[in-house]
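> Quick one, fold the following:
(chains A and B)
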Amino acid sequence: MTDDMLRAPAEVKYAEELDWLESVDDGPKPFSWRLSPRMVRLFVLGSDRSDGLDREISQKWFGDRAFVERSIVTLASDRGLLLIGDPGTGKSWLAELLSAAICRNSTLVVQGTAGTTEDHIKYSWNVSMVIAKGQSRESMIPSPIMNAMEQGMIGRFEELTRSTSDVQDALISILSEKYVSIPELDDDNIVFAQPGFSIIATANSRDRGVNDLSSALKRRFNFVRIPVVTNKRSEAEIVRFRTTELLRRHRIELDVPPTLLDILLQSFADLRAAAASATSDDERLESALSTAEQIGVLEDAILHGHFFGDRTLRAETLAGSLVGSLARRSPEDLAILNKYWHGVIEPRAKDGGPWQDFLEGGRQAIATLS
Amino acid sequence: MSPFGALRGQLLDAAKTFADAPSDLAGILAGLVDDVDRALREELEIFPVCHHSPASALAMARRLREKQPKVIYLELCEDMRPLLDELRNCRLPVALQAFGSELDGFPAGWGPLSVVAPITEASAEYQAIAYALDTPDVEIVLVDRSSDHVFQWLPQEEPARPEEDAEDREEAALHGDAVGVEIGDLRPRFAELEAHLLHHGKVRHWSEWWDQYVEQPLSGADYDTYRQVMVLIGSLFRRLRPAGDERTASDEDRERYMWTRMREHLAASGADPAQCLYVCGAFHAASRVEQFGLASDAPPFDISPRTATRWQYGLIPSSQSAIEAQFGLASGSVSIAAATWNKALTRGGVQPFKLDRQKEGRRRKRALTPVAQAQVTDRLSGFLAKPPALDGLDEAELLGWCVDIVRLARRNGYLASTADAIAVFETSILLAGLRNRGRPTPYDFQDAAVTCIEKDTVPGRRDVRRLCEILLGGDRIGQVGYEALPPLARDVFDRLEPLGLDLSKRTLQRALLNLDAQPELVPCSRLLWMLHYLLPEGALKPIMGSRRLGERSVQESWDLWIGRHQREIIELGYEGVSVEQVLEQRLRRTVWDSQATAAVALRAVEDAILFLGGRRVADELGARAVELLAAERTVDDAPEVLRRIRRLLAHYRATEPALPAWCEAFVTVGYAQYCTLLPTAFVDEDTGGRQVAAMLGFLFSMESFALALGCDHTQLELAVRQSHPEAPAKVALLWAAQSQLGLLPMAELRSRCDELLANPLVVPSFPLYIGGFVQALEPVPAMTAFVVETMSKAFARLPDPVLLPWLPKLITTLRDQAPELVPVLIREAGRTFPAGLAAVDSWVPPWSAPALPKAPAVAAVAAGPVTGLLTAHPAACDAVAALLGCDAGWQVAAPAADSAAGHGETAALLARHPGTPDAVAELLGLAG
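Model (predicted):
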């Protein structure tokens, strides 16, 4: 089934693993959860030998164990879960994994945008059916959140802070009363949430101040802040894990050379350090330099090498992709990259090796863009 | 047959089953059991402990009541023994401190040396100390290496100081930069082992792991189980440490040291080993050194003699966060341990030992019947095989925490409500369940509170995590009682008593001293100024009032933070018995330091006069200042030397009948020294204009005094003639000096400046000349008018591209280098320029005004017999003149009555208004 989809949701992709976990799970399960909290944790963070399982469960989300535990217990409690953090820190991926593990459905998603309306959160009407048959439950189009309520599942709200405050506040009653009333109908006009319903919202901490959450809504969410991964080892694991997945999706068979992965991680670490010590926005790259961005750069380089190169990943291509992805503003970003290339990469390239190729590739890319 | 035989076999079987190939595993597993067996079979009962472990403290309290030992050997620096008795005067946590400032045998860069051993109430060592001190006929013997050995055993080439931790909480700095020693340091020495334990234990930090896997299972365990498990853990960490661990050798030496000391004590006192208890870290209980055990026939450890470093001992206040910071424990762990201890006491019915606050005479007798040591049986197998007994949920406790955290959060700006308390309660239980715990630990509770209460921003100063730490015991800060303070500190508190403030409080206090109305506060003020000088910044701060030479404050106001800086005052006590003595020593040390300069010594003299009064110390320091000045080869400090010696001379002239001998010596030495260095200073690029100006200032302003003391003016003239500076500022200074000495007439100086201004090649550097002239105001104040004139000319004539960039530079230079000269310049400018705008148009600068007719060069000579004789016989004078080569010939002086004509201005005035003199002459009856 996964072959028919460009990107299969987590519950489809890991269906076999989830089935197995469900079969061996004898722990207490809250509400209608498909897995017990411990198994959910195991599914997200992977298994150890000390867990005593017959098969290995791979780690799917890389980060502090406490974040996952706090998220799971929040979903088992009365409150919604709000994952907050910088872009590219894996909030949505964690939300998807949690929904997949808990209710085997991670697709009940509302995407928050400036154009999101209350209808997207509650329900809307099929106008032609309303004209034909009048307002009834049949002619009503429930939102993903309402579907989640009806089925006792986890509803997801991506980028909550991108939607306007009045739309956000539609969640208040859903999270406290746990029902949605449909005043247009005379009877059967209340949709009650089934046990197991909860909401995982994500918010970008860089959007703070755009559409701040009201205090009432804040109260109904438990906040779990996901920090940017700075540990090089974890980051390497994340990049490797996600890239493998992407390569599989593109049906490309290629091994990323560890030296190139190191170069990528090192460059991002250097650029992050430079951004941290910069005093103004002009001296800082516009990019958040997140792990997701690294994955993007690597993917871009691989695809470029695969379709336009000799089907291998080369340092020059990687440098070109890095410059191409990070140089968003001209001349500010280009100037920063140019400075970095001359000040940091050049001395490193003196010893030859892949840094030398990386230097050349980057220079060419900067020259092309300038 | 060892009682652990069965367990040993079982472990060996396991090793065979699980290890893929013959490996060290079997050796390690069997070794663990052997270590336990060995420690438990030892004739001298070994009590293994871990630091800040309530389980250890509980087991200790129980065991002491049971066994009633007569001698307790404790793993603590042996030279700290006298301090233990003072613990009864303190509020814990406090730290025992050994302090060495007079180093001998250690690299000088290490000093002062400081060792601290913090003691908390929830510790096994405190139980042992309290029991031993309050029970008659019980002796406590500290057996670990002395503080001196702590440093002796450090690698000599490395700095002894621990790395500065970027700790922002001020309580954490309570121990200063002392080296910490702790009883029962029990933590894996192997980073991978610790990481492995944390990972598989599903905990975040070591304290949490310890709490969950050792502390809780052992808190209710019987004594045998406790001992066996602790030795097992000690042995495990000992065996799984990296081979090259540098602490291994030092640890083993300590163990040899301790066993040697114990054997010596047993031999000397004849105590029965069965009535003794050896309290040491579990790590040392599993020791395998050859001296281990009373039955060992290994030769005693060769203990090196202590160095000649003089050690001082005292107690300093400590705090839980200071302990956490110093020993790398997780934030809040010591507070949580204290809370656990208190809870265990109320729940378990264990009666802890506590030092009586009373004096020794009122000791209570504790009469209990001792119980003999039971036969060793294997408790390990049961403990290891059985799943941990889960502690039941203490609902009341958790509810209390939840309600309190919400209350605390609200007080700190969070919008928390009862709903949050409910959520925290629920989340804590869920989290504990997820982490295999029946009862939520404080760490679970902390996580739950953060999840439910912390939102996107922290509204106040503290976040929820910190609030939880405060709630679960807070940071307890100890206090050293008055009786336990060193004499100096007691003296300070006694002498500040008239202020009427409770100085033991840790809050900031304001002291107001009206010295005129309450003269009895004058000694307090003096002491406060001395403390202000001696203590680090922050301990006390003068808000109003100052102490400078020639000044006296009528009223003073102080911000005192003495309670918070108790440690610093106690450490002052190590340096002397009174504040005055310490101050004197510090001043002496400053001037005898190898880096000391004359300016430093003069400052010390000033401080000695200000704080100590009297002449003795000041004279001694002054004599040193003379030596330092004579030995100086640079003039970097010349401005400060000049400022200070002027101030000191003014002070002595105002207060003493005669100047001290050192002042005279300083002036003569300084005159000769600066004359010698002047030509070099003028050409040396590294010496600034300010320094040269200060040298000239010294030479010119002290000249008359120096000449009176036997110096030679020619020396100065020669020095000036030998100076050939090239830098414009210094050239200007030289011109000023020459003008002062009469070597350069003012008219020529003026024309030189005009030439410079007229020369387009030199114009860009003209501002530098002005800088030099401004500096020259210090040595040659008579030049003020000339400087104003030159500056005015510069403003008028310099081209804009030179003038405009220079103006801001002039202001900054004046502010930085000559702030005291600016008012002089402004006053002079005020005199020169017209006061009103209207007058400006018609104003002609004095230097542009036409010169007045010159008065005759011949001075009036008073009439008299000599004059008469010479006038009558001019030939003799003419002959002498001809001999001397003067051919101007004899000039007839104006009559004495016209002597007024010698004063040009007066003469001009009289010439313009002849009416007045005529009227006066008429009145006097003189003919016109």
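
> Please count neighbours and contacts with C-alpha atoms only from this point.
Will do.

> B:L825 - how many residues pack around it?
A total of 17 residues lie near B:L825 under the criterion other C-alpha atoms under 10 Å in any protein chain shown.

> Please report the distance of it from B:A736.
16 Å (C-alpha to C-alpha, to the nearest Å).

> do the same with A:T259
Distance from A:T259 to B:A736, by C-alpha to C-alpha: 71 Å.

> and the residue most central in space within chain B, backbone torsions?
With distances taken as C-alpha atoms, centre = their mean, B:P536 lies nearest the centre of chain B, 5.0 Å away. B:P536 adopts backbone torsions of phi -70, psi 160, taken as degrees, to the nearest 10.

> what sits against it?
Residues near B:P536 by C-alpha atoms under 8 Å, 6 or more residues apart in numbering or on different chains: B:E568.

> With B:Q10 as the reference, measure out to the residue in the stretch 1-150 of chain B that chain A sits nearest to.
Distances between the stretch 1-150 of chain B and chain A by C-alpha to the nearest C-alpha are smallest at B:F18, namely 13.2 Å. Distance, B:F18 to B:Q10, by C-alpha to C-alpha: 12 Å.

> of the two, who's got more company?
Higher neighbour count among B:F18 and B:Q10: B:Q10, with 15 against 10, using other C-alpha under 10 Å.

> In terms of pLDDT, where does that one sit?
According to the prediction, B:Q10 has pLDDT 81.

> try A:R41
92.

> what's the spacing between it and A:L53?
Applying C-alpha to C-alpha, the value for A:R41 to A:L53 is 14 Å.

> Pick out whichever of these two has more residues nearby.
Shown here are A:R41 and A:L53; by other C-alpha under 10 Å, A:R41 has more neighbours (22 against 12).

> The more buried one against A:V68, yeah?
Yes - counting by C-alpha atoms under 8 Å, A:V68 is a contact partner of A:R41 at 6.7 Å.

> and the closest residue to B:V731 other than its chain neighbours, what does it touch?
Leaving aside its chain neighbours, B:V731 sits nearest to B:P725 (5.6 Å; criterion: C-alpha to C-alpha, 6 or more residues apart in numbering or on different chains). Neighbour list for B:P725: B:F682, B:V683, B:V731, B:L734 [criterion: C-alpha under 8 Å, 6+ apart].

> A:A114 and chain B, how far apart?
21 Å (C-alpha to the nearest C-alpha, to the nearest Å).

> burial count for that residue?
12.

> Now for the closest residue to it other than its chain neighbours: which residues touch it?
Distances taken as C-alpha to C-alpha, 6+ apart place A:S163 nearest to A:A114, at 4.9 Å, with adjacent residues excluded. Taking C-alpha under 8 Å, 6+ apart, we find A:S163 in contact with A:G112, A:T113, A:A114, A:G115, A:T116, A:N211.

> Make TSV out of those residues and add pLDDT and secondary structure.
Output for the contacts of A:S163, formatted as TSV (pLDDT from 0 to 100; DSSP: H, G, I helix; E, B strand; the rest coil):
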residue	pLDDT	secondary structure
A:G112	90	coil
A:T113	89	coil
A:A114	87	coil
A:G115	89	coil
A:T116	90	coil
A:N211	82	coil
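
> out of those residues, who has the most neighbours?
A:G112 (23 neighbours).

> so that one makes contact with A:S165?
No - the criterion here is C-alpha under 8 Å, and A:G112 misses it with A:S165 at 11.1 Å.

> Pull the number of nearby residues for the residue in the stretch 151-300 of chain B that chain A sits nearest to.
Proximity to chain A, evaluated over the stretch 151-300 of chain B using C-alpha to the nearest C-alpha, is greatest for B:H200 at 6.9 Å. Each residue near B:H200 was counted by other C-alpha under 10 Å, and the total is 14.

> same question, the one 3 residues further on
Using other C-alpha under 10 Å as the criterion, B:V203 is surrounded by 18 other residues.

> Quickly note the distance from A:S32 to A:H120.
Relative to A:H120, A:S32 is positioned 25 Å away (criterion: C-alpha to C-alpha).

> Give me the more crowded residue out of the two.
A direct count of neighbours by other C-alpha under 10 Å for A:S32 and A:H120 places A:H120 higher, at 19 against 16.

> Now for the single nearest residue of the stretch 501-650 of chain B relative to chain A, how many residues are close by?
Nearest residue of the stretch 501-650 of chain B to chain A, counting by C-alpha to the nearest C-alpha: B:E537, 30.4 Å away. Using other C-alpha under 10 Å, B:E537 is surrounded by 9 other residues.

> Ok, B:L741 next?
B:L741, neighbours per other C-alpha under 10 Å, totals 15.

> Leaving aside the residues adjacent along the chain, what's closest to it?
Counting by C-alpha to C-alpha, 6+ apart, the nearest residue to B:L741 once its immediate chain neighbours are dropped is B:E717, at 7.4 Å.

> In terms of helices and strands, where is the residue in the stretch 51-200 of chain A that chain B sits nearest to?
The stretch 51-200 of chain A approaches chain B most closely through A:V73 (5.9 Å), counting by C-alpha to the nearest C-alpha. The secondary structure element spanning A:V73 is helix A:65-76 (assigned by DSSP states H and E).

> which residues in the stretch 51-200 of chain A form strands?
Using DSSP state E, counting those that start in this stretch, the strands of the stretch 51-200 of chain A run over A:80-85, A:109-111, A:123-125, A:140-142, A:154-158, A:179-181, A:190-192, A:198-204.

> Which among these is found nearest to B:L399?
strand A:80-85 (22.4 Å; C-alpha to C-alpha).

> now for the closest one, which elements pack on it?
helix A:65-76, helix A:91-103, strand A:198-204, strand A:221-226 (3 or more C-alpha pairs under 8 Å, 6 or more residues apart in numbering or on different chains; DSSP states H and E).

> That strand - which strands sit beside it in the sheet, and in what orientation?
Here strand A:80-85 has these sheet partners by DSSP bridges: strand A:198-204 (parallel), strand A:221-226 (parallel).

> Nearest residue to A:L322 in space, please, no chain neighbours.
Of all residues not flanking A:L322 in the chain, A:V297 sits nearest, at 5.6 Å (C-alpha to C-alpha, 6+ apart).
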